[in-house]
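Student: Provided below are the primary sequence and the corresponding predicted coordinates.
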Amino acid sequence: MPQNQFDQSASALPQAVLEYATTCDLPTPWATFRLHAFTEAATGKEHLAMALGDFEDGAPVLARMHSECLTGDALFSQRCDCGAQLEASLQMIATEGRGVLLYLRQEGRGIGLLNKLRAYHLQDGGADTVEANQELGFLPDQRNYSLALPMLAHLHITALRLMTNNPRKINALTQLGVNVVERIPLLVQRNTFNSRYLDTKAAKLGHLIKS
Ligand SMILES: Nc1nc2c(ncn2[C@@H]2O[C@H](COP(=O)(O)OP(=O)(O)OP(=O)(O)O)[C@@H](O)[C@H]2O)c(=O)[nH]1
Ligand SMILES: [Zn+2]
């Protein structure tokens, strides 16, 4: 699959600069995480890392690089798999007792909330998730994963066992010099509303999801 039909290569994107802000405890139903906050210099956006356990030994860390999805993560939307993936990955980290979830504020695969809702409107009229982005003048995936680098460096994390179904995410991280030693599938249940979305991700974006 030609990667640039869907997203820019990692080397073509500007390297994100983040400034560390603060850390606090974050109790969740599964574990009490340490929540680390960072500010992105270029946009002022706040990006978060939820960490559990000690990473100083250098052993590969169970990790989720989660892209913000307000509708799925907070508003219980069934149009996508984001909320269920967020919950499942935090549970897996808690079960292991060690791991990190990077919560990257790249809503709508980087096009922002309002444009994602415009894309949903086009999808309500028949477009798929890729066509809708293109109709709005965007690449299907506008994310810049270099946001992860300063967060991983701050946490002294050097190698990942990444929970994802998206091989382009692993390619991008590898291009950026991150050592991804393993991919751990993060499959969630289909429903009436997300089924076409999941099929399009598999067919057009290369996600490793069974139909
Ligand atoms: N532009 C757009 N973004 C969407 C749509 N549905 C979900 N998103 C965003 O997609 C992002 C999540 O990406 P996905 O393609 O679902 O999954 P992924 O992160 O590539 O892969 P996984 O690691 O397997 O979850 C979040 O930022 C969502 O807000 C949509 O229809 N259009
Ligand atoms: Zn979502």
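Tutor: Yep, that arrived. Ligands and ions are numbered 1, 2, ... in the order given.

Student: residues from this protein in reach of ligand 1?
Tutor: Residues of the chain lying close to ligand 1 by Cβ under 6 Å from any ligand atom are 67-69, 80, 82, 85, 106-109, 111, 116, 119, 129, 133, 164-166, 169, 186, 201, 207. All C-beta atoms are positioned from the backbone trio N, CA, C, and that covers glycine.

Student: any quick ChimeraX command for the buried ones out of those residues?
Tutor: Buried members of the residues of the chain next to ligand 1, defined by 16 or more other Cβ atoms under 10 Å, are picked up in ChimeraX with:
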select :67,68,69,80,82,85,106,107,108,109,111,116,119,129,133,164,165,166,169,186,201,207
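
Student: which of the residues of the chain next to ligand 1 fall within helices?
Tutor: 82, 85, 116, 119, 129, 133, 169, 201 (DSSP state H).

Student: next up, the contacts around the residue nearest the centre of the chain.
Tutor: Residue closest to the average C-alpha location in the chain (Cα atoms, centre = their mean): His66, at 2.7 Å. By Cβ atoms under 8 Å, 6 or more residues apart in numbering, the contact list for His66 reads 73, 82, 85-86, 89, 101-104.

Student: again, but for Val100
Tutor: Residues counted as contacts of Val100 (Cβ under 8 Å, 6+ apart) are 49-52, 55, 61-64, 93, 155, 157.

Student: what pLDDT does it get?
Tutor: On pLDDT, Val100 comes in at 99.

Student: measure it to ligand 2 for me?
Tutor: Computed as Cβ to the ion, to the nearest Å, the Val100 to ligand 2 distance reads 20 Å.

Student: distance between the helix or strand hosting that residue and the chain's centre?
Tutor: Taking DSSP states H and E as the criterion, Val100 maps to strand 99-104. In this view, strand 99-104 has its centroid 8 Å away from the chain centroid, taken as Cα atoms, centre = their mean, to the nearest Å.

Student: sheet partners, orientation included, of that strand?
Tutor: The strands beside strand 99-104 in its sheet (DSSP bridges) come out as strand 46-52 (antiparallel), strand 61-67 (parallel).

Student: just the CA coordinates for the first one, please, in PDB.
Tutor: Extracted as PDB, the C-alpha positions of strand 46-52 are listed here (Å, rounded to 0.1, in the frame of the first residue of the first chain):
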ATOM      1  CA  GLU A  46      -2.000  19.500  26.300                       C
ATOM      2  CA  HIS A  47      -0.900  15.800  25.700                       C
ATOM      3  CA  LEU A  48      -1.000  13.200  28.500                       C
ATOM      4  CA  ALA A  49       0.800  10.100  29.600                       C
ATOM      5  CA  MET A  50      -0.800   7.700  32.000                       C
ATOM      6  CA  ALA A  51       2.000   5.600  33.500                       C
ATOM      7  CA  LEU A  52       2.000   2.600  35.800                       C
END
